[in-house]
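Student: Next input, structure requested:
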Amino acid sequence: MSRRAAAWCGAVVVAAGSLTALPARAADTASLTWKKCATTAYPTLECASLEVPLDHAAPDGRRITLALSRVRHTARTYQGPLLVNPGGPGGSGLTLAGFVASALPEEVAAQYDIIGFDPRGVGRSRPALDCSPGHFDPVRPDSVPSTPAIEYAGLDRVKSFADACGKKYAAELPHIDTISAARDLDRIREALGADRINYFGYSYGTYLGAVYAKLHPERVRRAVLDSIVDPTGVWYDDNLAQDHAFDDRHRAFMAWVARHDATYRIGTDPARVEAAWYAMRAALAERPARDKVGPAELEDTFLPGTYYNGYWPYLAEVFAAYADGGDVGPLVEAYEKFAAVDSAGDNGYSVYSAVQCRDAGWPRDWDRWRADNWAAYAKSRFTTWNNAWYNAPCAFWPTESLEPVNLGNGDLPPVLLFQATGDAATPYQGAAAVHRLLRGSSLVVEEGGGNHGVSLSGNSCLDRHLVAYLTDGTVPRGQGGADAVCAAPPEPEPEETKAVKGSPEGTELHGLLGFRG
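Tutor: Numbering: from 1, shown residues only. This next block holds a predicted model:
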């Protein structure tokens, strides 16, 4: 996600000792006990749990539990386990195993044990972190700190969250990080009885997979990374880069609304449509909708549209209802579907913060945050300050930070990379950087696409490359930046709203990936 990817040439180094060999230990011999945990959508899903060390440097010390899921292989040809991760950090991967098994062609899925997992601290793994229940309860302070009082309210809120995490999880926080999670993957591999794993990760899951590959290149058989984190900017610079990309994507939505003025009647000029959206924001700052949706919640509600344009028709209807007479009913409904945070969301955010704040250094001087985010806001105002407050606990985090991992790797089999050129959550430069760092990798680009998470999402061109790779390891080879290019699917039409209303997630995949990942 960082804009300095092109200039990076190995300056990011591994922290002293962070990737050194761990103490010798006997391999895990406890077998996994799989039990049925079927759902209506995924009737063959099974679940198990696995104990791993809290501190992998002290393997005989305290243990924690990881929750696993599986869809078993059914074909005679068996290609081993395929571990899948939806990103986050903080995303639960249990259901993703069922989705991937059902979305792949049956003859391909049948050759793998598709393994989902809740990373340490997440979901059904134990302990599951929840630093401050209700941290996102509405109505939050305006995300834009236009007065000292608003800024102090925001600072009090994020400081209290960081303090709560430190008090509740003092023993756990030093071990909630990507390197520890990657070491967990190897414990999963051992428990599955596999010499090597296959891996399929989206969003932050691309970084987790690449860190595992750095630790254990000899244990990677195949790896698919979709919507790729820029490892040269983790995590402060990556989040600033997101701000500009999110703003671009929000403006693309405004332009789409303008093109469909016959349906939404807000205006044919994108600038006029954008002005109407910010007028809505200003009005909600004065009078939140039903004491639930103020300006921060409004940004949260429309943020999913920057991840996946399948939400645009629904969000446009919400916008139009407010613009035409101030009807807040659809807005509140959309907030409850897309943005209201429940206990699972509190857990996901707690792990998100714990991992990001521990993984890499963050400025501890709030003056630096203030200056950098006001500078970004001057160019990109849609979610700059919202994103800043989301990550601001890291300015006050109670644990020391590690150094970013240098992912440069020439010891892997070909890795398959997928990236949309207009992805806002993980901008394109991240894929370009990882393509250079993982020697022999193959980059497949969705030209003109703006969605986050593009394989198994309706683009048959991308999925052909995925299927070929999972079938026999075939990857495209081209010259220049990308090894293959696929056209983006057409933008949605206004009449596609009904599908989103019927399912708050819009599509199975984008519901599982979530937002902020």
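
Student: Okay, and residue 100 sits in which element?
Tutor: According to DSSP states H and E, residue 100 maps onto helix 94-103.

Student: roughly how far out does the helix or strand following that helix sit from the chain middle?
Tutor: The element immediately downstream of helix 94-103 (helix or strand, assigned by DSSP H and E) is helix 106-109. In terms of C-alpha atoms, centre = their mean, to the nearest Å, the centre of helix 106-109 is found 26 Å from the chain centre.

Student: Alpha carbons of helix 106-109, as CSV, please.
Tutor: Below are the C-alpha coordinates for helix 106-109, written out as CSV (Å, rounded to 0.1, in the frame of the first residue of the first chain):
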residue,chain,number,x,y,z
GLU,A,106,-15.6,-29.4,-7.9
GLU,A,107,-12.9,-31.5,-9.6
VAL,A,108,-10.3,-29.0,-8.3
ALA,A,109,-11.6,-28.6,-4.8
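
Student: Beyond that helix, next helix or strand please.
Tutor: From helix 106-109, the next helix or strand downstream (DSSP H and E) is strand 113-118.

Student: so what secondary structure elements neighbour that following strand?
Tutor: Judged by 3 or more C-beta pairs under 8 Å, 6 or more residues apart in numbering; DSSP states H and E, strand 113-118 is in contact with strand 63-71, strand 81-85, helix 94-103, helix 178-192. (Glycine included, C-beta is placed from N, CA and C.)

Student: the strands in the stretch 151-300 of the chain, which residues?
Tutor: 197-202, 220-226 (DSSP state E, counting those that start in this stretch).

Student: what about the shortest one, distance to the chain center?
Tutor: Here strand 197-202 is found 14 Å from its chain centre; the criterion is C-alpha atoms, centre = their mean.

Student: Mind listing residues that contact that strand?
Tutor: 79-87, 100, 112, 185, 188-189, 208-209, 212-213, 219-227, 453, 470, 513, 517 (C-beta atoms under 8 Å, 6 or more residues apart in numbering).

Student: Point out where the stretch 201-350 of the chain drops to low pLDDT.
Tutor: Scanning the stretch 201-350 of the chain for pLDDT under 70 picks out nothing.

Student: Please identify the buried residues of the helix or strand that contains residue 443?
Tutor: Secondary structure assignment for residue 443, by DSSP H and E: strand 442-447. By 16 or more other C-beta atoms under 10 Å, the buried positions in strand 442-447 come out as 442-446.

Student: so how far is the longest helix seen in the chain off the chain centroid?
Tutor: Ranked by residue count, the top helix of the chain under DSSP state H comes out as helix 236-259. Offset of helix 236-259 from its chain centre (C-alpha atoms, centre = their mean): 16 Å.

Student: Kindly export it (C-alpha atoms) in CSV.
Tutor: Extracted C-alpha coordinates of helix 236-259, given in CSV (Å, rounded to 0.1, in the frame of the first residue of the first chain):
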residue,chain,number,x,y,z
TYR,A,236,1.7,3.5,9.1
ASP,A,237,2.7,4.4,5.6
ASP,A,238,0.3,1.8,4.1
ASN,A,239,-2.6,3.4,5.9
LEU,A,240,-1.8,6.9,4.6
ALA,A,241,-1.6,5.5,1.1
GLN,A,242,-5.0,3.9,1.6
ASP,A,243,-6.5,7.3,2.3
HIS,A,244,-5.8,8.6,-1.2
ALA,A,245,-6.9,5.3,-2.8
PHE,A,246,-10.2,5.3,-0.8
ASP,A,247,-10.9,8.8,-1.9
ASP,A,248,-10.3,7.9,-5.5
ARG,A,249,-12.7,5.0,-5.2
HIS,A,250,-15.4,7.1,-3.5
ARG,A,251,-15.1,9.6,-6.3
ALA,A,252,-15.6,6.7,-8.8
PHE,A,253,-18.8,5.9,-6.9
MET,A,254,-19.9,9.6,-7.1
ALA,A,255,-19.3,9.5,-10.9
TRP,A,256,-21.3,6.3,-11.2
VAL,A,257,-24.2,7.9,-9.3
ALA,A,258,-24.0,10.9,-11.7
ARG,A,259,-24.1,8.6,-14.8
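
Student: rewinding a little: elements contacting the strand holding residue 443?
Tutor: Judged by 3+ C-beta pairs under 8 Å, 6+ apart, the packing partners of strand 442-447 are strand 416-420, helix 428-437, helix 460-472, strand 484-487.

Student: which of the ones you listed is buried the deepest?
Tutor: Mean neighbour count (mean count of other C-beta atoms under 10 Å) peaks for strand 416-420 among the helices and strands packed on strand 442-447, with a mean of 27.

Student: helices and strands around it, which ones?
Tutor: Short answer (3+ C-beta pairs under 8 Å, 6+ apart): strand 416-420 packs on strand 220-226, helix 428-437, strand 442-447, helix 460-472.

Student: could these be laid out in a markdown table, adding distance to residue 293?
Tutor: Below are these laid out as a markdown table (distance: least, C-beta to C-beta, whole Å):
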| stretch | distance to residue 293 |
| --- | --- |
| strand 220-226 | 32 |
| helix 428-437 | 32 |
| strand 442-447 | 33 |
| helix 460-472 | 36 |
